[in-house]
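**Q** Everything below, folded, please.
(one chain, ligands or ions: 1)
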Amino acid sequence: MTEESRFILDPATRDLHADNRRLREAGPLVPVTAEGVPAWAATRYATLLTVLTHPNLSREICHWAARHSSPPGTAIDRIVTDTSMLNAEGDEHRRLRTAVAGAFTPRRLEGLRPKIESLTGRLIDRLADLPPDQPVDLRKEFAYPLPREVISELIGIPAGHQDELHELSDAVAQVGGSLDDTPELRKALHELLGQIIDQRRDTPGEDLITDLFRLREQDGVRLSTDELFATIELLFIAGHVTTVNLITNAIGALLNEPGQLDLLRSGKCPFSAAVEETLRWDSPIAYFPMRYAVRDIEIDGVHLRAGEPILACFASAGRDPGHYGEAAHLFDLTSPPATHLSFGHGPHFCLGAPLARLEAEVALTALFGAFPEIAPAAPPEELCPLDTLLGNSTRTMPAVL
Ligand code: HEM
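**A** Numbering: from 1, shown residues only. This is a model prediction of the structure:
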């Protein structure tokens with residue numbers, strides 16, 4: 001394949017699901033240029049599954065460095081600092097992941113449910129107070145604030161810092177959750193998290209930062225200061241924009257498929273089914289790279305050289321007719337519950353998946369329960385996509401309540 005015949009993936013020009021159809025048809029592993037970086041795109045469900053669990057594919061940047069003289073250097077390549085669990089493997093990965101896994105147990109999450117329900121209730125009340133018949137942007141006014149409040153609560157962001165952090169998280173969301181291209185943003189977030197961590201050290205609470213401090217006292221230094229920062233930063237970024245996309249995409253799907261919405265309202269399908277179907281049909285993450293070949297390997301008949309990066313095409317796998325059949329492109333709550341890969345698979349399986357599912361289910365149940373007349377205020381094809389390869393959603397979700 002010549003450089004000219006590579007598929008170009010560019011957020012400015014992309015038409016995600018049409019691009020993905022072309023990519024799937026071109027093969028299971030397709031040479032692409034993602035924001036200027038040459039990579040292999042894993043386009044089909046079965047290949048993505050292989051990639052996510054392959055022993056000779058790694059997130060560690062050192063494998064890229066073995067082949068290249070300069071860092072990948074694009075937003076899509078390095079989302080969070082290299083010291084976070086997302087970019088570690090083996091024992092190192094297990095140590096970093098175990099440190100925070102306790103915050104995501106079913107018991108801890110059930111404890112968060114009342115908080116999520118009351119935050120959702122407050123947002124619904126605010127929506128109900130808006131002038132009727134005026135379009136409201138449900139991404140901005142509903143899908144966006146809920147996960148932000150929840151993740152702040154879980155991590156332990158003191159009230160006094162929330163406004164500043166919210167401003168920063170707005171800026172982070174605008175760059176699609178990626179910080180590598182925006183060093184000033186990373187610096188500001190780092191400084192603020194530093195102040196928050198100091199404050200939590202002085203006044204412990206029922207939150208993740210306090211837990212991490214306790215862990216340090218009990219078991220010696222389990223996380224270095226850098227690792228502590230990277231962990232909090234990862235949770236803050238991974239726990240926010242992705243869930244905003246999920247809630248936004250689910251609202252969009254249901255607003256435009258009234259028949260499917262009726263199934264939920266009549267109790268024929270649970271709202272959790274709408275969450276799962278949205279994850280499959282319109283994955284909140286479009287492309288997710290950062291796996292590098294540790295050595296020369298072959299996958300599905302394609303030869304990869306050591307150090308070459310692979311892009312995980314989550315949104316493409318979710319609509320793969322080879323796995324889901326010819327109706328894969330349809331949003332259908334009546335088809336039997338299908339598995340999907342939108343939270344990943346294997347050792348890096350999304351730690352926050354149960355939390356994201358809980359938030360989305362509470363949010364959708366409350367929204368569609370509170371507004372029986374809700375309707376879209378613009379056709380889906382008129383909504384602008386996010387300006388990032390990583391996230392998959394629209395910038396707005398206008399509706400009349
Ligand atoms: C990892 C998706 C919400 C925390 C991941 C991965 C995906 C993903 C695809 C990488 C899996 C891999 O490459 O193998 C999503 C989606 C979400 C969501 C679609 C929302 C709909 C959350 C939330 C949190 C979170 C709410 C935390 C509060 C994490 C963490 C990792 C991760 C810590 C890294 C796990 C590891 O490397 O071991 N997520 N995520 N995510 N996610 Fe999520």
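
**Q** For the closest residue to the ligand within the stretch 301-401 of the chain, which residues are in contact?
**A** Relative to the ligand, the nearest point of the stretch 301-401 of the chain is G352 (2.0 Å; C-beta to the nearest ligand atom). Backbone N, C-alpha and C define where each C-beta goes, glycine included. Residues near G352 by C-beta atoms under 8 Å, 6 or more residues apart in numbering: 104, 235, 238-239, 242-243.

**Q** ok, it to L208 distance?
**A** For G352, the distance to L208 equals 12 Å [C-beta to C-beta, to the nearest Å].

**Q** tell me, what's touching these two both at once?
**A** Joint contacts of G352 and L208 (C-beta under 8 Å, 6+ apart) are L235.

**Q** Give me the most central residue, the protein.
**A** Geometric centre of the chain, nearest residue: T242, 3.1 Å, by C-alpha atoms, centre = their mean.

**Q** Find the nearest non-adjacent residue to that residue, please.
**A** Nearest non-adjacent residue to T242, counting by C-beta to C-beta, 6 or more residues apart in numbering: P284, 4.8 Å away.

**Q** The one you found contacts N249, doesn't it?
**A** Yes: with contact defined as C-beta atoms under 8 Å, P284 reaches N249; the gap is 6.4 Å.

**Q** Now do the shared contacts for the two.
**A** 392-393.

**Q** Return the residues in contact with L23.
**A** 7, 30, 32, 41, 43, 313, 316.

**Q** That one: which element?
**A** helix 16-26 (DSSP states H and E).

**Q** Could you tell me which residues of the stretch 101-250 of the chain lie near the ligand?
**A** 151, 234-235, 238-239, 242-243, 246 (C-beta under 6 Å from any ligand atom).

**Q** In terms of helices and strands, where is the closest residue to S84 other than its chain neighbours?
**A** Leaving aside its chain neighbours, S84 sits nearest to A230 (3.9 Å; criterion: C-beta to C-beta, 6+ apart). In this structure, A230 sits in helix 225-238 according to DSSP H and E.

**Q** Output that helix as PDB, restricted to C-alpha atoms.
**A** Extracted C-alpha coordinates of helix 225-238, given in PDB (Å, rounded to 0.1, in the frame of the first residue of the first chain):
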ATOM      1  CA  THR A 225       3.100  11.200  43.400                       C
ATOM      2  CA  ASP A 226       3.300  11.100  39.600                       C
ATOM      3  CA  GLU A 227       1.100   8.000  39.500                       C
ATOM      4  CA  LEU A 228      -1.400   9.500  41.900                       C
ATOM      5  CA  PHE A 229      -1.800  12.600  39.600                       C
ATOM      6  CA  ALA A 230      -2.000  10.400  36.500                       C
ATOM      7  CA  THR A 231      -4.700   8.200  38.100                       C
ATOM      8  CA  ILE A 232      -6.800  11.200  39.100                       C
ATOM      9  CA  GLU A 233      -6.300  12.800  35.700                       C
ATOM     10  CA  LEU A 234      -7.300   9.600  33.900                       C
ATOM     11  CA  LEU A 235     -10.400   9.100  36.000                       C
ATOM     12  CA  PHE A 236     -11.400  12.700  35.500                       C
ATOM     13  CA  ILE A 237     -11.100  12.600  31.800                       C
ATOM     14  CA  ALA A 238     -12.200   9.000  31.100                       C
END
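
**Q** can I get the CA coordinates of stretch 363-370 in PDB?
**A** Provided in PDB are the C-alpha atoms of stretch 363-370 (Å, rounded to 0.1, in the frame of the first residue of the first chain):
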ATOM      1  CA  ALA A 363     -30.500   9.800  33.200                       C
ATOM      2  CA  LEU A 364     -32.600   8.300  30.300                       C
ATOM      3  CA  THR A 365     -35.300   7.000  32.600                       C
ATOM      4  CA  ALA A 366     -35.700  10.400  34.300                       C
ATOM      5  CA  LEU A 367     -35.600  12.400  31.100                       C
ATOM      6  CA  PHE A 368     -38.100  10.400  29.000                       C
ATOM      7  CA  GLY A 369     -40.300   9.900  32.100                       C
ATOM      8  CA  ALA A 370     -40.400  13.600  32.900                       C
END
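
**Q** That stretch and the ligand, any residue contact?
**A** No: judged by C-beta under 6 Å from any ligand atom, stretch 363-370 stays clear of the ligand, getting no closer than 11.5 Å.

**Q** ok, residues contacting that stretch?
**A** 117, 120-121, 124, 127-128, 138, 142-143, 146, 247, 250-251, 254, 261, 264-265, 271, 274-275, 374.

**Q** Can you give me the pLDDT of the residue of the stretch 301-401 of the chain closest to the ligand?
**A** The model reports G352 with a pLDDT of 94.

**Q** Repeat that for Q174.
**A** At Q174, the pLDDT recorded in the model is 62.

**Q** A99 too?
**A** The predicted local confidence for A99 is 86.

**Q** picking that back up, ok, the residue nearest to T242 - how many residues close by?
**A** Per other C-beta atoms under 10 Å, the neighbour tally for P284 reads 26.

**Q** so what's it up against?
**A** 242-243, 245-246, 249, 342, 391-393.

**Q** ok so, going back, would you mind checking the average pLDDT for the next helix or strand after the helix holding L23?
**A** Sequence order places strand 29-34 as the next helix or strand after helix 16-26, per DSSP H and E. Across strand 29-34, the average pLDDT comes to 92.

**Q** Which elements pack onto the single longest helix found in the chain?
**A** If you go by DSSP state H, the chain has its longest helix at helix 106-128. For helix 106-128, the elements it packs on are helix 145-155, helix 353-370, judged by 3 or more C-beta pairs under 8 Å, 6 or more residues apart in numbering; DSSP states H and E.

**Q** What separation is there between the residue of the stretch 101-250 of the chain found nearest the ligand and N245?
**A** At 2.9 Å from the ligand, G239 is the closest residue in the stretch 101-250 of the chain, using C-beta to the nearest ligand atom. Applying C-beta to C-beta, the value for G239 to N245 is 12 Å.

**Q** who has more neighbours, those two?
**A** N245 (29 against 22).

**Q** show me the contacts for that one.
**A** Counting by C-beta under 8 Å, 6+ apart, N245 touches 284-285, 386, 391-393.

**Q** ChimeraX command for the buried members of these?
**A** Provided next is the ChimeraX selection string for whichever of the contacts of N245 are buried by 16 or more other C-beta atoms under 10 Å:
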select :284,285,386,391,392,393
